[in-house]
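Here you go, sequence then predicted model.
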Amino acid sequence: MTRQTETNQTEKSTNDRTYISKDPARRFRTVLTVLSSVSPWAATIVAHKAFVRPRRHPPKAWERELTTRATPFRLVSGGVQLQAWSWGHGPTVLLVHGWEGRAGQLAPMAEPLVQAGYRVVAFDAPAHGESEGNEIDLVVYRRAIQDVAVAVGPVHAVVAHSFGAIATSVAVDRGLEVGRLVYIAPAVFNRDTPRHLAAAIGVPMPIMDRVRLRIEERHSITWESMWIDNIATGERPPLLVIHDDEDAEVPVAAAEYIAQTWPRAELVRTSGLGHRRILGDPMVAARTVGFVRTGRLDGGSGRLAGGGDHGPEGGGWG
């Protein structure tokens, strides 16, 4: 069901199942462990706040320059004002950024898509960029994607980066109608994710389990129901996955897992672009536009590599 196009000269084999960026916060873990011994409830509250409150990073100068070419507008999701931008005219392509990211990081995709005859819409997720809100989780982001899609739709395609790919997959499972999907450097949400998230933010697993239960109770949903294994079933839009072998934030194993799990998917690998610079690479943009136009999963041969004109990097891991 999956067709994989190898575009790097030497394929890297990996057994690394750490599909979420890891940078263990040992000091935070120690504090939470001590706090949990005194008050498990208090430790859960502190860990939950760390889990759902992303850091905001200011946009780069080149991002601001690209968004000034767009028409800004605002909309509401879950009572939160979201900042959005629109370029061009035609069938709508929605750009979805990652954790602690912002719309401008995907703005380099706008020009080639507009030139191909599409309208491009990007937005800052709740608690990100210029949008309001202080907290976000997977359910909140999924809802925001669907609310934006309703406001600007119908949506021809979604191009999502990193954590945005997880939220997009859940949105598709919850009824988002879209013709095709492009995931660039996607993270994956499966049974291993809680453990990897716990390591990434420095939360002991017993506390992470309580955080998970808190989120599940808040939204009346289980994490298991949102695992890629449980939503990549039935009739789904065709999916193009593009990932760099040298991505230090989210290993390429995540992309392999998604491509193997999704009913109709192709994995295109690059080399030397990392987790964010891949968003500004002209060859990646060209491959994305081609797939958005045709929906065909026959990428052929070729090596997608080289520096982009803008080179998005810095500001958030996902």
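Yep, it's here. Numbers count the residues shown, from 1 in each chain.

rest of the way, CA atoms for contacts and neighbours
Noted.

how about the helices of the chain, start to end?
Taking DSSP state H, the helices of the chain run over residues 26-38, 40-52, 61-67, 110-115, 138-152, 163-173, 193-201, 205-219, 228-231, 252-261, 282-294.

okay, these, which one's buried deepest?
helix 163-173 (a mean of 25; mean count of other C-alpha atoms under 10 Å).

Show me what that helix is packed up against.
For helix 163-173, the packing partners by 3 or more C-alpha pairs under 8 Å, 6 or more residues apart in numbering; DSSP states H and E come out as strand 92-96, helix 138-152, strand 178-184, helix 228-231.

Turn those into TSV, columns for distance to Ser162 and mean pLDDT.
What follows is the helices and strands packed on helix 163-173, written out as TSV (distance: least, C-alpha to C-alpha, whole Å; pLDDT from 0 to 100):
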stretch	distance to Ser162	mean pLDDT
strand 92-96	9	98
helix 138-152	12	97
strand 178-184	7	98
helix 228-231	14	94
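
Tell me which of these sits nearest to Thr44.
With C-alpha to C-alpha as the criterion, Thr44 lies closest to helix 138-152 of these, at 18.0 Å.

For the closest one, give me every contacting residue.
Around helix 138-152, the neighbours that count as contacts under C-alpha atoms under 8 Å, 6 or more residues apart in numbering are 75-78, 92, 94, 96, 121, 125-126, 155, 166-168, 170-171, 176, 219.

ok, Val73 to Pro59 distance?
To be clear, residue 73 is Phe; Val isn't right here. 18 Å (C-alpha to C-alpha, to the nearest Å).

And Asp147, by the same measure?
Taking C-alpha to C-alpha, one finds Asp147 at 24 Å from Pro59.

And for Ile145?
Counting by C-alpha to C-alpha, the gap from Ile145 to Pro59 is 21 Å.

circling back to that earlier point, and Phe73 and Pro59? which has more neighbours close in?
Neighbours of Phe73 and Pro59, each counted by other C-alpha atoms under 10 Å, are more numerous for Pro59; the result is 18 against 11.

Look up the closest residue to that one, ignoring the ones flanking it.
Closest residue to Pro59 apart from its sequence neighbours, by C-alpha to C-alpha, 6 or more residues apart in numbering: Gly104 at 6.9 Å.

Model confidence at the one you found, what's the number?
Note on Gly104: pLDDT of 95.

is it true that it touches Glu63?
Yes. Counting by C-alpha atoms under 8 Å, Gly104 does reach Glu63; the two are 4.8 Å apart.

sorry, back to before: and of the helices and strands packed on helix 163-173, who's closest to Ile207?
Ile207 lies closest to helix 138-152 among those, at 18.4 Å (C-alpha to C-alpha).

And that closest one, how far out from the chain middle?
13 Å (C-alpha atoms, centre = their mean, to the nearest Å).

again with stretch 53-70
With C-alpha atoms, centre = their mean, you get 17 Å for stretch 53-70.

contacting residues for the residue nearest to Pro59?
Going by C-alpha under 8 Å, 6+ apart, Gly104 touches Pro59, Glu63, Arg64, Leu66, Thr67, Ala122.

is it true that Ala248 touches His275?
Yes. Under the criterion of C-alpha under 8 Å, Ala248 makes contact with His275 at 6.8 Å.

For these two, work out which one has more neighbours and name it.
Taking other C-alpha under 10 Å, Ala248 and His275 do not tie; His275 has more neighbours (27 against 13).

What residues does that one make contact with?
Ala185, His243, Asp244, Glu246, Asp247, Ala248, Glu249, Val250, Glu313.

quick one: it from Val52, how far?
Distance from His275 to Val52, by C-alpha to C-alpha: 22 Å.

I'd assumed Gly234 was in contact with Trp262.
No. Trp262 is beyond contact range of Gly234, at 9.5 Å (criterion: C-alpha under 8 Å).
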